[in-house]
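Visitor: build me a structure from this.
(4 chains)
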Number of protein chains: 4
Amino acid sequence: MKKQPSFPWWYPRKVQYYETDKMSIVHHSNYVRWLEEARLEYSALHGVSYERMEAEGIMMPVLEVRCRYRAPMRFGQTAQVYTRLAAFNGVRVKYEYEIHCLETGELVLQGYSCHCFVDADSRRPLNLKTRHPEFYQLTAQLLELEVGMEKEHNE
Amino acid sequence: MKKQPSFPWWYPRKVQYYETDKMSIVHHSNYVRWLEEARLEYSALHGVSYERMEAEGIMMPVLEVRCRYRAPMRFGQTAQVYTRLAAFNGVRVKYEYEIHCLETGELVLQGYSCHCFVDADSRRPLNLKTRHPEFYQLTAQLLELEVGMEKEHNE
Amino acid sequence: MKKQPSFPWWYPRKVQYYETDKMSIVHHSNYVRWLEEARLEYSALHGVSYERMEAEGIMMPVLEVRCRYRAPMRFGQTAQVYTRLAAFNGVRVKYEYEIHCLETGELVLQGYSCHCFVDADSRRPLNLKTRHPEFYQLTAQLLELEVGMEKEHNE
Amino acid sequence: MKKQPSFPWWYPRKVQYYETDKMSIVHHSNYVRWLEEARLEYSALHGVSYERMEAEGIMMPVLEVRCRYRAPMRFGQTAQVYTRLAAFNGVRVKYEYEIHCLETGELVLQGYSCHCFVDADSRRPLNLKTRHPEFYQLTAQLLELEVGMEKEHNE
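Guide: Numbers count the residues shown, from 1 in each chain, chains lettered A, B, ... in the order given. Model prediction:
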């Protein structure tokens, strides 16, 4: 139950009062927003901030989100939003998430999100490898790192 | 308690589950969003849709919002968001609101919002009278109408 | 592209200004809320309103949500949130959704959500068949109806 | 323009992507939520956490909120949500706020919120002085402190 995920980085996120619903738990739609917060923080830490991306005319619309809710969270608790890059080929990118409750250690959510890259003006898909080699390199290296860590963790 | 406001038009708005909080009532921040919904619907009905405004390169940022909360609302209830234009001079505009609960007739909220007009590109203030005479006329006429109705109501 | 889903019922939902983000499209987290709105409306129409459920001490937490985003929506557009019951066994229930844009006919989103039933006080899972035979019957009949319609549609 | 408010404590709050709207600025309704975040943090720091209040069966519904919007904020910026207790008599309480942009120093918002205390079960107003002398004392002392600081600041 209190097993930690294989990926080490997490984003701390306090439950806000306005995120609870009349069941007295966090409304399930809010976790999708936390995943975005964590994803953007994680990317910025690895050199690819979304502000810089947008400044370069690149946007990353969401293609898919899946959340499996394992336990509820309540006001007063803090989430650990574990986040890692799980796949990337220059055209698409996938992030995986696990949310744990800092206070109880419980697994709260498992999920992933998939994104593509588009030109801010035309909104047409683009390949990061040709459009922005620096971001491509940073992301590819990050993927290698994450894959390596997972292998180690599984050995 | 069940007195209706002096202005006749209202926008119906069902309470959504995700708008409740752990007090089992609508979180106070959501009413600010309902006021916007009602304001945009009201404006569109009177010939000045926000889509058209934006298409003309005009935006209406919010300068002020004030809400006095009189009674809570709950999931399963429907709000009557009474809305009217209260002041307008081409540069600034003020809307007044009252929210009543359709089921109980209770007064839920009294409030107002103030806005100005800005150019979408420069974000600088503009005068609707010179920038868009048609919108100016429509809004000025609407104000006359509302003022007239209020006088009648008070007589 | 403009193919309608096999299930006929849809919930109309206007895009609200506050649901757009700086990409000028509806933020992906909001669709999860629309699915809830549609699901609750759909259930109420078929005799199982969530208000009545809660009055009987039954809650339906979300176990899983999956959304595949096919096209963006913009302010000024209206969503058709197609919704149907897809599976039900008294313990768990699954709903399927498709969102189409009323103005363009485009497919916007495909998704599903899974839920269980819990006692409002103990928050422990329950079987609707024993806890509330009436809701069980109504839901089981609805499933039959939806399955029948799908068969017809596929023939 | 870059004058700091007379009250020293502030709550840091990063702008989230999902809080922006198609004007590319933070939607005005979100600031109301930030005020709540700041208020709860501020109260907790001074010994009156809302979790403890609720554990004692006391709730603090919002009676009024007023926000004057002075400048917009954008994704990538961080707000300084200056917060202080401004009035308190055991029955009602008022907080004042100023939001400044950390990056630009600009004044973003000035506002206040008023609250009362109610019993969580009956939802009837209560006087903190009789219902919970400890919370009353802590809040009364905090008010003295804030009033004192303001005097000093104005001298």
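
Visitor: can you tell me how far the residue nearest the centre of chain A is from chain B?
Guide: Closest to where the C-alpha atoms of chain A average out (Cα atoms, centre = their mean) is A:R39, at 3.3 Å. Note on A:R39: its distance to chain B, by Cβ to the nearest Cβ, to the nearest Å, is 22 Å. (Each C-beta comes from the backbone N, C-alpha and C, glycine too.)

Visitor: per-residue confidence for that residue?
Guide: Looking at A:R39, its pLDDT is 98.

Visitor: got the contact list for it?
Guide: Going by Cβ atoms under 8 Å, 6 or more residues apart in numbering or on different chains, A:R39 touches A:83, A:95, A:113.

Visitor: give the buried residues for the helix or strand hosting it.
Guide: Using DSSP states H and E, A:R39 sits within helix A:28-45. Going by neighbour count (16 or more other Cβ atoms under 10 Å in any protein chain shown), the buried part of helix A:28-45 is A:28-43.

Visitor: up against chain B, what does chain A have?
Guide: A:17-18, A:20-22, A:24, A:27, A:29, A:75 (Cβ under 8 Å from any Cβ of the partner chain).

Visitor: now, which of those residues lie close to chain D?
Guide: Near chain D, by the rule Cβ under 8 Å from any Cβ, you find A:17-18, A:75 out of the residues of chain A next to chain B.

Visitor: in CSV: these, plus distance to D:F7 and neighbour count.
Guide: Listed next are those as CSV, based on distance: Cβ to Cβ, whole Å; neighbours: other Cβ atoms under 10 Å in any protein chain shown:
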residue, distance to D:F7, neighbour count
A:Y17, 22, 21
A:Y18, 23, 22
A:F75, 26, 20
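
Visitor: wait, which of these is closest to chain D?
Guide: Using Cβ to the nearest Cβ, A:Y18 comes nearest to chain D of those, at 5.1 Å.

Visitor: what about the longest helix seen in chain A, distance to the chain center?
Guide: Taking DSSP state H as the criterion, chain A has its longest helix at helix A:133-154. Offset of helix A:133-154 from its chain centre (Cα atoms, centre = their mean, to the nearest Å): 15 Å.

Visitor: residues in contact with that helix?
Guide: For helix A:133-154, with Cβ under 8 Å, 6+ apart as the criterion, the contacting residues are A:6-8, A:46-48, A:53, A:56, A:58, A:84-88, A:90, A:93, A:128-129.

Visitor: show me which of those neighbour chain D.
Guide: Applying Cβ under 8 Å from any Cβ to the contacts of helix A:133-154, one finds that nothing falls near chain D.

Visitor: so which of the residues you listed belong to helices?
Guide: Reading helices off the contacts of helix A:133-154 with DSSP H, I get A:53, A:128-129.

Visitor: between those residues, which sits nearest chain B?
Guide: Checking those against chain B by Cβ to the nearest Cβ gives A:M53 as the nearest, at 22.8 Å.

Visitor: what is the neighbour count of that closest one?
Guide: Residues within reach of A:M53, counting by other Cβ atoms under 10 Å in any protein chain shown, total 20.

Visitor: against D:Y136, how distant is it?
Guide: A:M53 is 51 Å from D:Y136, where distance means Cβ to Cβ, to the nearest Å.

Visitor: picking up where we left off before, dump the ones in helices among the contacts of helix A:133-154 to CSV, plus pLDDT and distance to C:V108.
Guide: Listed next are those as CSV, based on pLDDT from 0 to 100; distance: Cβ to Cβ, whole Å:
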residue, pLDDT, distance to C:V108
A:M53, 96, 24
A:L128, 97, 25
A:K129, 98, 29
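
Visitor: now render these as CSV, adding distance to A:R70.
Guide: Putting the ones in helices among the contacts of helix A:133-154 into CSV (distance: Cβ to Cβ, whole Å) gives the following:
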residue, distance to A:R70
A:M53, 32
A:L128, 33
A:K129, 37
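
Visitor: could you single out the nearest of those to D:A79?
Guide: A:M53 (22.2 Å; Cβ to Cβ).

Visitor: so the closest one makes contact with A:L40?
Guide: No - assessed by Cβ atoms under 8 Å, A:M53 is found out of contact with A:L40, at 9.8 Å.

Visitor: isn't A:M60 right up against A:D119?
Guide: No - taking Cβ under 8 Å as the definition, A:M60 is not a contact partner of A:D119, at 11.5 Å.

Visitor: who's more crowded, these two?
Guide: Neighbour count, other Cβ under 10 Å: between A:M60 and A:D119, A:M60 has more, with 21 against 13.

Visitor: low pLDDT regions in chain A?
Guide: A:1-3 (pLDDT under 70).

Visitor: now the farthest one out in chain A, which residue is it?
Guide: By Cα atoms, centre = their mean, chain A has its most distant residue from the centre at A:K22, 27.3 Å.

Visitor: I'd guess that residue is in a helix, am I close?
Guide: No - in this structure, A:K22 is coil, not part of a helix, as judged by DSSP: H, G, I helix; E, B strand; the rest coil.

Visitor: pick out the most distant pair among the buried residues of helix A:28-45.
Guide: Using Cβ to Cβ, the buried residues of helix A:28-45 reach their maximum pairwise distance at A:H28 and A:S43, which is 24.1 Å.

Visitor: hang on, the earlier thing: for the residues of chain A next to chain B, which one is nearest chain C?
Guide: Relative to chain C, the closest of the residues of chain A next to chain B is A:S29; by Cβ to the nearest Cβ it sits at 4.2 Å.

Visitor: the closest one - nearest residue in space that isn't next to it in sequence?
Guide: Leaving aside its chain neighbours, A:S29 sits nearest to C:V32 (4.2 Å; criterion: Cβ to Cβ, 6 or more residues apart in numbering or on different chains).

Visitor: correct me, but the one you found touches A:H28?
Guide: Yes - applying Cβ under 8 Å, one finds C:V32 in contact with A:H28, separated by 6.9 Å.

Visitor: what do the two both touch?
Guide: Residues touching both C:V32 and A:H28 (Cβ under 8 Å, 6+ apart): C:V65.

Visitor: for the closest residue to A:R124 other than its chain neighbours, what are its contacts?
Guide: Using Cβ to Cβ, 6+ apart and skipping residues adjacent in sequence, the residue nearest A:R124 is A:V118, 6.1 Å away. Going by Cβ under 8 Å, 6+ apart, A:V118 touches A:58-61, A:124-126.

Visitor: pull the most distant pair out of the residues you listed.
Guide: Farthest-apart pair in the contacts of A:V118 is A:M60 and A:R124; separation 13.5 Å (Cβ to Cβ).

Visitor: start to end distance for stretch A:87-98?
Guide: Stretch A:87-98 has its terminal residues 16 Å apart, counting by Cα to Cα, to the nearest Å.

Visitor: hmm, that stretch touching chain C?
Guide: No - Stretch A:87-98 stays out of contact with chain C when judged by Cβ under 8 Å from any Cβ, the minimum separation being 12.9 Å.

Visitor: pull out the buried positions in that stretch.
Guide: Neighbour counts over stretch A:87-98 (16+ other Cβ under 10 Å) mark A:88, A:90, A:92-98 as buried.
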